[in-house]
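Visitor: Need the 3D shape of this:
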Amino acid sequence: MALKDELTDWVDGVFRDVWTTRNGIQVPDDDSRLGLQNDAIKIQGTVLYADLADSTDMVDSRSATFSAEIYKTFLYCAARIVRSHGGVITAYDGDRIMAVFIGSSKETSAARAAFQLKWAVSNIVMPAMRRIYTNTDFALGHVCGIDTSELLVAKTGVRGANDLVWVGRAANYAAKLSSLPATYTYVTQAVYDRLESGSKVKDGRQIWERVRWNAFNDAIIYRSNWHRSIA
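Guide: Below you'll find the model as predicted:
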């Protein structure tokens with residue numbers, strides 16, 4: 001079959017075929033027996049994106065090996081911290097990581113992971129970098145964005161070269177939040193409302209600031225520059 005005919009048949013089939021969906025009890029992965037046709041798993045998930053800030057400027061102004069070291073140390077700390085809070089790494093996308101949390105305390109787990117990553121950057125990554133690169137003025141900035149919603153997980157691509165696609169508000173909003181100005185962890189109203197009290201108030205004071213998200217119809221979001229130490 002000619003390539004044009006194959007593409008036409010495949011695309012037509014996707015739009016015509018009925019979807020087969022099932023509820024998931026764990027975060028789907030490549031072994032979740034998802035087909036390449038209209039087959040999907042639904043989960044209630046909290047998505048966290050952790051994104052390096054100003055990475056393009058870093059790559060343009062620093063050596064490739066230095067930039068690689070920043071990528072590696074940041075992403076390693078992010079991944080290990082996410083896993084320690086029960087999150088699942090679903091994607092590495094250049095200078096950022098996507099993770100999904102499920103369960104009754106998924107929003108709090110994601111927020112705690114973000115707080116510990118902030119601590120790790122300031123107290124582990126940056127001090128180690130400065131011990132080696134004593135003459136640099138580089139400061140690693142990053143942002144975490146978190147949202148929660150139902151997610152539809154499907155497989156995309158072609159046989160032998162495919163990946164999972166995460167369709168739902170949380171995946172989009174968390175990614176968009178992670179592009180906001182650095183130094184903060186940003187969460188949606190839906191996440192904030194579900195946080196345990198210990199992740200809202202510390203020593204009698206609120207650790208989140210209520211702000212307007214101008215890019216999204218002035219939606220209410222919350223930001224925090226709080227950190228949580230790692231034992």
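
Visitor: Going along the chain, name the strands of this protein.
Guide: Taking DSSP state E to define them, one finds strands in the chain at 20-23, 39-52, 88-93, 96-101, 142-158, 161-167, 185-188, 201-202, 205-206, 209-213, 219-224.

Visitor: Where among those strands is average confidence lowest?
Guide: The stretch with the lowest mean pLDDT among the strands of the chain is strand 161-167, at a mean of 85.

Visitor: What residues of that one count as buried?
Guide: 164, 166 (16 or more other Cβ atoms under 10 Å). Where you see a C-beta, it was placed from the backbone N, CA and C, and this is true even at glycine.

Visitor: who touches stretch 211-225?
Guide: 115, 118, 173, 176-177, 180, 183-189, 191-192, 207-210 (Cβ atoms under 8 Å, 6 or more residues apart in numbering).

Visitor: Kindly list the longest helix within the chain.
Guide: With secondary structure taken from DSSP state H, the chain has its longest helix at helix 64-84.

Visitor: thinking again about what came up before, including distance to residue 108, could the strands of the chain go into a markdown table?
Guide: Shown next, in a markdown table, are the strands of the chain (distance: least, Cβ to Cβ, whole Å):
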| stretch | distance to residue 108 |
| --- | --- |
| strand 20-23 | 23 |
| strand 39-52 | 9 |
| strand 88-93 | 16 |
| strand 96-101 | 9 |
| strand 142-158 | 10 |
| strand 161-167 | 21 |
| strand 185-188 | 11 |
| strand 201-202 | 13 |
| strand 205-206 | 16 |
| strand 209-213 | 18 |
| strand 219-224 | 13 |
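
Visitor: Quickly compare those and say which is most buried.
Guide: Looking across the strands of the chain with neighbours counted as mean count of other Cβ atoms under 10 Å, the highest average goes to strand 185-188: a mean of 28.

Visitor: Distance from it to the middle of the chain?
Guide: Taking Cα atoms, centre = their mean, to the nearest Å, one finds strand 185-188 lying 11 Å from the centre of the chain it belongs to.

Visitor: hmm, back to that, which elements pack onto the longest helix of the chain?
Guide: strand 39-52, helix 55-61, strand 88-93, strand 96-101, helix 106-120, helix 126-132 (3 or more Cβ pairs under 8 Å, 6 or more residues apart in numbering; DSSP states H and E).
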